[in-house]
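Peer 1: Got a predicted model here, sequence first, then my questions.
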Amino acid sequence: MVDGVQRADAQDHQGGDLEDALVCLNMPGEIFESGYTDANGDITLILDPPPTTVGEMELTVTSHNHTPAIETVQAVVPAFVTIDPD
């Protein structure tokens, strides 16, 4: 995940698109964003503000009559460099 944007594609165990699955992105003790997948099983989560610490985030996908899926994604904090020309 970079710049506060996480994209995901949810599929069932047969590889079909998983519509209306709940997707949640969090760090321990904090829920950053959640939402539901579209008809194609796609979702874009926009974190505003984005995480301020580097570390692992948990991406959880749940849907009725499906086993929850939990994946780990890395939070990358944007780095800014200022160059002072002489």
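Peer 2: Happy to help now that I have it.
Peer 1: going forward, measure contacts and count neighbours with C-alpha atoms only.
Peer 2: Fine.
Peer 1: Next, the contact list for Ala39, please.
Peer 2: Residues in contact with Ala39 (C-alpha atoms under 8 Å, 6 or more residues apart in numbering) are 17-20.
Peer 1: from these, which is closest to Thr67?
Peer 2: Lowest distance from Thr67 to the contacts of Ala39 (C-alpha to C-alpha) belongs to Leu18, with 12.1 Å.
Peer 1: where does the closest one land on pLDDT?
Peer 2: You'll see Leu18 listed with a pLDDT of 78.
Peer 1: Go ahead and confirm it touches Gly41.
Peer 2: Yes: Leu18 sits in contact with Gly41 when judged by C-alpha atoms under 8 Å, with a separation of 4.6 Å.
Peer 1: Can you report how many residues neighbour Pro49?
Peer 2: Pro49: 9 surrounding residues under other C-alpha atoms under 10 Å.
Peer 1: of Leu18 and Gly41, who's got more company?
Peer 2: More crowded of Leu18 and Gly41, by other C-alpha under 10 Å: Leu18, with 23 against 18.
Peer 1: Okay, the more buried one and Glu56: tell me how far apart.
Peer 2: Separation of Leu18 from Glu56 (C-alpha to C-alpha, to the nearest Å) stands at 25 Å.
Peer 1: do Ile70 as well
Peer 2: Distance, Ile70 to Glu56, using C-alpha to C-alpha: 12 Å.
Peer 1: do the same with Ser34
Peer 2: Look at Ser34 and Glu56: by C-alpha to C-alpha, they are 17 Å apart.
Peer 1: So which bits of stretch 54-65 are buried?
Peer 2: Within stretch 54-65, the residues scored as buried using 16 or more other C-alpha atoms under 10 Å are 56-63.
Peer 1: what pLDDT, on average, does it get?
Peer 2: On average, stretch 54-65 scores 86.
Peer 1: got a pLDDT number for Asn40?
Peer 2: Asn40 is assigned 87 on the pLDDT scale.
Peer 1: surely it meets Asp17?
Peer 2: Yes: assessed by C-alpha under 8 Å, Asn40 is found in contact with Asp17 at 5.4 Å.
Peer 1: The two: which has the busier surroundings?
Peer 2: Between Asn40 and Asp17, Asp17 has the larger neighbour count (other C-alpha under 10 Å), namely 18 against 14.
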